[in-house]
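Peer 1: how would this look folded up:
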Amino acid sequence: MKQRYLYLLLFLPFLTNAQGINVALSEKSKINFSGMLQTQFNYSLDDDVDITGRHHTGTEHFSHNSFSVKRARLQLSAAINDRINAVMLVNFGDFIGNPQNKVLENAYIKYSVNDYVNFQFGQFRPQFGQEDNYPVDFVRSIDYSNQYYLFGSNSWQSFQIGASYFGEIKNSSIPLKYYIGVYNGNNRNQTGDNDDGKIVPARLVFGLGKSTFLGLSAGAGKNMGQKIWAYGADIDYKKQLNERWNVEFVSEYKQGINSVAYFDQTDPVIPVSHFAMRGIYLQPNVGYGFKNTRLKSLEFALRYEYLDADFKQNGNARQSYIPMVSASFAEAYAIRVQMGLLMDRYENNIPNTTQYNTNRIICQVQARF
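Peer 2: Predicted coordinates:
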């Protein structure tokens, strides 16, 4: 019994020092939690098309309408000191389907020296287009573009593992933001890279006056020994017309190698350079703000998109039209209700697939906290 007290007395100084360190860390670090919830109601207007956009010719049962939880995100942000930040973002909505290689979205450490010199390490979205600049809860349409997801599956956008350097030149006649990174190139939530190849995307954003921004993106790399590349350009125009009205116009073009389609070959005999993807989208948005009411703003948007995942061979071009209205009941889209009509038109309808003309109504309710 006396030995126990002796051990306690010997280790007591170390325990108190450890507690002091924890207290010091907690005093210096600032930890913030935030979250976002998106729920949807989907309704297919076509008798032979389900809520996912898949066509059916058989007699099997499928749903024409359904409620769903699209995203249930929780984010932790920690300001460790004046230069180092750490961020983790998970989407619990992925547990509803197949969570493999999903759920974890952001997981990175950012080291900032000044406006010109910043580094980021971990899993995050590379800067390769206008849509990488804002989280999905600020998207003016019902979701990111089809282009974003296609280029994301080819490792140029969406969440990737790697490192980046970025900065900004503000005090100039033409303000400039610049980004360059190195990534594994095999998408998110992987234990490691599956080959020695890496992808290197880069981006420049020029401020052309107070309202217009021009973005240029380009990248190259290797995937399982195959050379891949991509490039794009985008224009973002924003203007507050008066106290109530504002307008925004976004347009973006991208083209690159579709390495996913290349590796989908049973016996890859067609060169990877023959698998090319390209797309463009245009999206005007008009907003009207209210004062001293629970309804903060109304917005009207229309996105047109053209996308061909394999335009050099047997591509099946997809055109999408999405008129949408949204109402915000709190600042910064903290409470937002959206309703849109998703109309897809394919060059060739392929029965019993999602490459089929569809018309769907989507209602989305969003809460940020």
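
Peer 1: my read: residue 118 touches residue 177, true?
Peer 2: No - if you go by C-beta atoms under 8 Å, residue 118 and residue 177 don't touch, sitting 10.7 Å apart. The C-beta positions use only the backbone N, C-alpha and C, and glycine is treated the same way.

Peer 1: any shared contact partners between the two?
Peer 2: 166-167 (C-beta atoms under 8 Å, 6 or more residues apart in numbering).

Peer 1: count the neighbours of the closest residue to residue 176 other than its chain neighbours for me.
Peer 2: Nearest residue to residue 176, sequence neighbours excluded (C-beta to C-beta, 6 or more residues apart in numbering): residue 169, at 4.6 Å. Neighbour count for residue 169, taken as other C-beta atoms under 10 Å: 13.

Peer 1: can you pull the contacts of residue 169?
Peer 2: Neighbours of residue 169 in contact, by C-beta under 8 Å, 6+ apart: 115-116, 175-178.

Peer 1: so which of these is the most crowded?
Peer 2: residue 177 (19 neighbours).

Peer 1: what helix or strand is it on?
Peer 2: strand 176-183 (DSSP states H and E).

Peer 1: in PDB, list the C-alpha atoms belonging to that strand.
Peer 2: Output in PDB follows, covering the C-alpha atoms of strand 176-183 (Å, rounded to 0.1, in the frame of the first residue of the first chain):
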ATOM      1  CA  LEU A 176      -4.400  37.300 -59.100                       C
ATOM      2  CA  LYS A 177      -5.000  34.100 -57.200                       C
ATOM      3  CA  TYR A 178      -2.700  31.100 -58.000                       C
ATOM      4  CA  TYR A 179      -2.800  27.400 -57.100                       C
ATOM      5  CA  ILE A 180      -0.600  24.400 -57.800                       C
ATOM      6  CA  GLY A 181      -0.800  20.900 -56.300                       C
ATOM      7  CA  VAL A 182       0.400  17.300 -56.500                       C
ATOM      8  CA  TYR A 183      -2.100  14.500 -55.800                       C
END
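
Peer 1: name the helices or strands packed onto the helix or strand just after it?
Peer 2: The helix or strand immediately downstream of strand 176-183 is strand 199-208, counting by DSSP H and E. The helices and strands touching strand 199-208, judged by 3 or more C-beta pairs under 8 Å, 6 or more residues apart in numbering; DSSP states H and E, are strand 176-183, strand 212-223.

Peer 1: excluding chain neighbours, what is closest to residue 335?
Peer 2: residue 329 (4.1 Å).

Peer 1: so the one you found sits against residue 293, correct?
Peer 2: No - with contact defined as C-beta under 8 Å, residue 329 does not reach residue 293; the gap is 9.3 Å.

Peer 1: who's more crowded, the two?
Peer 2: The neighbour count for residue 329 versus residue 293, taken as other C-beta under 10 Å, is higher for residue 329 (15 against 8).

Peer 1: what bridges to the residue lying closest to residue 332 once chain neighbours are set aside?
Peer 2: Nearest-residue entry for residue 332: residue 368, 7.1 Å, with adjacent residues in sequence omitted and distances by C-beta to C-beta, 6+ apart. For residue 368, the beta-bridge partners are residue 36 (DSSP bridges).

Peer 1: dump the residue contacts of residue 368.
Peer 2: When contacts are counted by C-beta under 8 Å, 6+ apart, residue 368 touches 34-36, 137, 332-335.

Peer 1: what pairs with the strand holding residue 177, and is each one parallel or antiparallel?
Peer 2: Note on strand 176-183: by DSSP bridges, its sheet partners are strand 160-169 (antiparallel), strand 199-208 (antiparallel).

Peer 1: for residue 361, find the nearest of those strands.
Peer 2: strand 160-169 (33.3 Å; C-beta to C-beta).

Peer 1: just the buried residues of the closest one, please?
Peer 2: 160-162, 164, 166-168 (16 or more other C-beta atoms under 10 Å).

Peer 1: CA atoms of it as CSV?
Peer 2: Below are the C-alpha coordinates for strand 160-169, written out as CSV (Å, rounded to 0.1, in the frame of the first residue of the first chain):
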residue,chain,number,x,y,z
GLN,A,160,-8.3,14.2,-53.6
ILE,A,161,-5.3,13.3,-51.4
GLY,A,162,-2.1,15.4,-51.8
ALA,A,163,-0.5,18.7,-51.2
SER,A,164,-0.9,22.2,-52.6
TYR,A,165,0.7,25.6,-52.6
PHE,A,166,-1.5,28.7,-53.2
GLY,A,167,-1.5,32.5,-52.7
GLU,A,168,-3.0,35.8,-53.7
ILE,A,169,-1.7,39.1,-55.1
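
Peer 1: that strand: how far from the chain's middle?
Peer 2: Centroid displacement of strand 160-169 relative to its chain, using C-alpha atoms, centre = their mean, to the nearest Å, is 16 Å.

Peer 1: equivalent analysis for stretch 263-278, please.
Peer 2: Stretch 263-278 has its C-alpha centroid displaced from the chain centroid by 26 Å (C-alpha atoms, centre = their mean).

Peer 1: which residues in the protein form helices?
Peer 2: 2-28, 146-153, 259-263 (DSSP state H).

Peer 1: who does the second one touch, helix- and strand-wise?
Peer 2: Translated: helix 146-153. strand 245-257, strand 276-289, strand 297-308.
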